Each structure stands twice: as structure tokens, then as C-alpha cells.
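Asker: Need coordinates for the below:
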Amino acid sequence: MERGIDDEKVLSIAKDEDRILITRDKDFGELVYLLKKLHAGIILNRLAGISTRKKAEIILQVAETYSKELYGSFTVIQLGNVRIRKMKK
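Answerer: Below is the predicted model:
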């Protein structure tokens with residue numbers, strides 16, 4: 001995807017391609033909770049203060065552990081904590 005693309009467009013592309021979006025941008029929470037935008041799933045990366053490699057390892061581990069629960073959910077990953085909230089249709 002090109003840099004600077006609008007968040008709604010990113011969300012729409014991910015939904016159309018049936019992909020779970022991994023992001024650090026909290027604005028996606030507003031899009032799905034307040035504006036009720038459809039999505040295939042969102043993982044919000046709130047892993048601060050650790051290396052990019054460690055973040056990738058944690059996100060991969062979460063994806064493997066919770067693979068069946070992530071689709072259609074809004075997931076927040078923090079150090080030592082994973083919150084998965086299934087979105088109502």
C-alpha cells in the first residue's frame with residue numbers, strides 16, 4: 001500500500017481482501033466502534049519500548065495462539081496482555 005493512504009481506505013482494502021489489519025494507529029478503534037466500519041479483523045499493536053524483532057515475535061505468537069478468534073475481532077496487544085473483542089454484526 002502506498003504511504004499516506006487514508007485510514008478508511010486502508011480498512012476498506014483489508015476488508016475487501018479479507019485480511020486482518022495490524023496497526024499501531026488507535027484511530028482504527030474510532031472507525032470500527034464509533035463509525036461502525038466493517039472489517040475482517042484488527043490487531044492494535046501497543047507494544048512500546050521493545051525492539052521491532054521482539055514486537056514481531058509477540059504478534060506472531062498471538063496470531064498463532066488465537067488464530068480462530070482474531071477474524072472479525074478488535075484485538076489489542078500489550079506486553080503481558082492480549083484483549084480480543086469480537087465485533088457484533
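
Asker: and residue 79, how many neighbours?
Answerer: Taking other CB atoms under 10 Å as the criterion, the count of residues near residue 79 is 12. For the C-beta atoms, the positions are set from N, CA and C on the backbone; glycine is no exception.

Asker: So for it, what's the pLDDT?
Answerer: The model reports residue 79 with a pLDDT of 94.

Asker: for the one 10 residues further on, same thing?
Answerer: Residue 89 is assigned a predicted lDDT (pLDDT) of 58.

Asker: cool, and residue 3?
Answerer: For residue 3, pLDDT reads 67.

Asker: Check which helix or strand the residue lying closest to residue 47 once chain neighbours are set aside maps to.
Answerer: The spatially closest residue to residue 47, leaving aside those adjacent along the chain, is residue 55, at 4.6 Å (CB to CB, 6 or more residues apart in numbering). Using DSSP states H and E, the element containing residue 55 is helix 52-65.

Asker: how much space between residue 11 and residue 28?
Answerer: From residue 11 across to residue 28, the span is 7 Å (CB to CB, to the nearest Å).

Asker: overlap in contacts of the two?
Answerer: Taking CB atoms under 8 Å, 6 or more residues apart in numbering as the contact rule, the neighbours common to residue 11 and residue 28 are 21, 42.

Asker: and stretch 46-62, average pLDDT?
Answerer: 96.

Asker: for stretch 65-76, same thing?
Answerer: Mean predicted confidence for stretch 65-76 is 96.

Asker: how much space between residue 28 and residue 53?
Answerer: 24 Å.

Asker: which of those two has more neighbours?
Answerer: residue 28 (22 against 8).

Asker: Spell out which helix or strand contains the more buried one, please.
Answerer: Per DSSP H and E: helix 27-33 holds residue 28.

Asker: Residue 40 in helix, strand or coil?
Answerer: When classified by DSSP: H, G, I helix; E, B strand; the rest coil, residue 40 comes out as coil.
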